[in-house]
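>>> Sequence and predicted model, in that order:
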Amino acid sequence: MPFTLKLPRGRASKQADAMRDSIDAKPAHWRRENFIPIRKAELADLLAGQADLSPKDRTAFDQLSKLLTATFHYDFHLRLEDLKNAYSVFDPDADTLPARPISPAERDKRAADLFEKFVWLLQRANFVRLTKDDINAALGATSDWGLRLNVNLEVFDRLEVFARGDIVGRRARRRWRNFYRLEQADVPIYQRLVVIFRLRSYETIDGHINDETIHIKIFKNIPKMDLEMLLPGTRVKMSLVDQSKIFFPTVSGVAITGVKVFQGALVVAATGIYGMLTFLGLVAGTLGYAVKSFFGYLRTQQKYQLSLTRSLYYQNLDNNAGVLFRLLDEAEEQECRESLLAYYFLWRRAGEIGWTAERLDSEIEGFLSDETGVSVDFEVSDAIEKLRRMGLVETTAEGCLRAVPIDRSLVLLDQTWDNLFRFDPSPALSATPSQPPAPKHLHPASRATSHVQPS
């Protein structure tokens, strides 16, 4: 029989409303970013549905979109396998064992290689690497929705933080200066925040944490000033109000105990055995009061830890190896979006004369703003470079850019795709039919046009 947990309607609905309404649907950006927040499939449909396309051109562009997507997908599959191999020995969630022992020196070398690959991946997904100054500024402040935490940076062997979606959101809050009335406030927020870190052996870290692993986490809608909530090695720092709830009862309890002990001593001296019983009763009551104060302190700590857990429950998107899959998918989608946009505008709008890179950049940004309401800083140089590697764009004598005709582009992409899986029918292999021929990683003729290298 299924089990259903029922919460009081009023409290549950208020918590759900607070979660749903905590961030505006369309916040005001502080600055434009390279990230294009439109799904690849929807963007392809949007371009294919433009009024200036004939049915024949629309069919050709749809085929080009599929071939372009398949080429990028194959390349990013190779990237995924490379990252999986690099991360396998550091994954804290892995249920496999290495085939051979790994020395500490080799482990350190592989860790440095993993961080380098991960930085490339975040850049392809249009994340921005936070500097030490950015991290220190965030660690030194607390928002009205976060907790006061002490962070010990000595626990990290290496820490990298990446962000995307640098926005100004609006959240509701109550402050004593406003007599706890509900008010709206601007709060700087990272829509996506990725943290990768390796811990060093440190006595303050919980015993169950393995310092040989590397942890990767991705979060959403994190206030800039609450970055420390995402890091291990933190301790809750209670507010002055909470400290006073513990300090004043404890001090008053000690004072009352002293008075009661003095009074009890006088009673014992005056009344004998009956006074002794009375004295013991007073001491027991005072000790009970002290125990109550101590457990009140523990309850306050638990309240803060529960608040921290609730804050991150809805904001954690993925962990460790799962982050690699998510980010590779986002990077692949972003590469496809940029390439489709650049090719379409050079093909349909630039004509035989072609455009400069600046003109292409301006036209695409204007199109996205007019058609979707999205304001982005289109990464035109990266888009052009990808098209060049695939042979889909050429430069005119005047130095302008124009697209290779779509019929020719389809042939090039089809050849690239076919060459990805070409086998070598050499006599040596045909002489041993029981052994399957080994596939080439990438056919030499197609390497320059199909394999996307970091730019």
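Here it is on my side, so go on.
>>> Mind jotting down where the strands sit in the stretch 351-455 of the chain?
Taking DSSP state E, counting those that start in this stretch as the test, the strands found in the stretch 351-455 of the chain are 393-395, 401-403.
>>> D318 in helix, strand or coil?
At D318 the chain is in strand, as set by DSSP: H, G, I helix; E, B strand; the rest coil.
>>> what pairs with it across the strands?
In this structure, D318 bridges to I218 when assessed by DSSP bridges.
>>> hmm, back to that, now mean pLDDT, distance to L159 and mean neighbour count too, for the strands of the stretch 351-455 of the chain, in CSV please.
In this view, the C-beta of every residue, glycine as well, is placed from N, C-alpha and C. Below are the strands of the stretch 351-455 of the chain laid out as CSV (pLDDT from 0 to 100; distance: least, C-beta to C-beta, whole Å; neighbours: other C-beta atoms under 10 Å):
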stretch, mean pLDDT, distance to L159, mean neighbour count
strand 393-395, 95, 40, 17
strand 401-403, 96, 41, 20
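>>> With respect to I38, which of the ones you listed lies nearest?
strand 401-403 (21.1 Å; C-beta to C-beta).
>>> List the contacts of the closest one.
Defining contact as C-beta atoms under 8 Å, 6 or more residues apart in numbering, one finds that strand 401-403 is touched by 343, 346-347, 350-357, 360, 384, 387, 392-396, 409.
>>> And the buried ones among those, selectable in ChimeraX?
Here is the ChimeraX selection string for the buried members of the contacts of strand 401-403, based on 16 or more other C-beta atoms under 10 Å:
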select :343,346,347,350,354,355,360,384,387,392,393,409
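>>> Show me which helix or strand of the protein is least confident by mean pLDDT.
helix 447-450 (a mean of 37; mean pLDDT, DSSP states H and E).
>>> hmm, back to that, tell me which of the strands of the stretch 351-455 of the chain approaches R32 most closely.
Using C-beta to C-beta, the strands of the stretch 351-455 of the chain put strand 401-403 closest to R32, at 22.4 Å.
>>> where does the stretch 351-455 of the chain have low pLDDT?
422-455 (pLDDT under 70).
>>> For it, which segments count as helices?
357-372, 380-389, 406-420, 427-430, 447-450 (DSSP state H, counting those that start in this stretch).
>>> Please render those helices as JSON lines that adds distance to T71 to the earlier fields.
As requested, these are exported to JSON lines (distance: least, C-beta to C-beta, whole Å):
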{"stretch": "helix 357-372", "distance to T71": "21"}
{"stretch": "helix 380-389", "distance to T71": "10"}
{"stretch": "helix 406-420", "distance to T71": "6"}
{"stretch": "helix 427-430", "distance to T71": "27"}
{"stretch": "helix 447-450", "distance to T71": "6"}
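>>> re earlier: could you export the strands of the stretch 351-455 of the chain as TSV, including distance to A163?
Below are the strands of the stretch 351-455 of the chain laid out as TSV (distance: least, C-beta to C-beta, whole Å):
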stretch	distance to A163
strand 393-395	32
strand 401-403	32
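>>> Nearest to S369, out of the ones you listed?
The nearest among the strands of the stretch 351-455 of the chain, by C-beta to C-beta, is strand 401-403 at 21.5 Å.
>>> does the nearest residue to D113 once chain neighbours are set aside sit in a helix or strand, and which one?
Distances taken as C-beta to C-beta, 6 or more residues apart in numbering place A86 nearest to D113, at 6.0 Å, with adjacent residues excluded. Using DSSP states H and E, A86 sits within helix 55-87.
>>> what ranges of this structure fall below the confidence cut-off?
1-31, 140-150, 171-176, 179-180, 202-210, 233-294, 296-298, 300-309, 311, 422-455.
>>> Walk me through the domains of it.
240-304, 338-450 (automatic domain parsing).
>>> Report the separation between T131 and E394.
Distance, T131 to E394, by C-beta to C-beta, to the nearest Å: 39 Å.
>>> Also L231?
Distance of L231 to E394, given as C-beta to C-beta: 49 Å.
>>> Name the SS class of D211, please.
Assignment for D211 (three-state DSSP): coil.
>>> next one: A163
Per three-state DSSP, A163 ends up strand.
>>> P37 is in contact with V374, isn't it?
Yes. Using C-beta atoms under 8 Å, P37 is in contact with V374, at 6.1 Å.
>>> Quick check: chain neighbours aside, which residue is closest to I353?
Of all residues not flanking I353 in the chain, C400 sits nearest, at 6.5 Å (C-beta to C-beta, 6+ apart).
>>> Enumerate every residue touching the one you found.
By C-beta under 8 Å, 6+ apart, the contact set of C400 is A350, I353, G354, W355, T356.
>>> Dihedrals phi and psi, it?
phi -90, psi 170 (degrees, to the nearest 10).
>>> Next one: it from W355, what distance?
In terms of C-beta to C-beta, C400 sits 6 Å off from W355.
>>> Report how many residues lie close to the residue lying closest to D93 once chain neighbours are set aside.
Of all residues beyond its chain neighbours, the one nearest D93 is N320 (5.2 Å), with distances taken as C-beta to C-beta, 6+ apart. For N320, the neighbour count with other C-beta atoms under 10 Å is 18.
>>> tell me the angle the helix holding A86 makes with helix 406-420.
30 degrees (axes from the mean of the first three to the mean of the last three C-alpha atoms, to 10 degrees).
>>> list the buried ones in helix 55-87?
60-61, 64-65, 67-69, 71-72, 74-76, 79-80, 83, 86-87.
>>> quick one, that helix and helix 380-389 angle?
Put simply, helix 55-87 runs at 100 degrees to helix 380-389, going by the same axes, to 10 degrees.
>>> and helix 55-87, what does it pack onto?
Helices and strands touching helix 55-87, by 3 or more C-beta pairs under 8 Å, 6 or more residues apart in numbering; DSSP states H and E, are helix 40-48, helix 104-124, helix 321-345, helix 406-420, helix 447-450.
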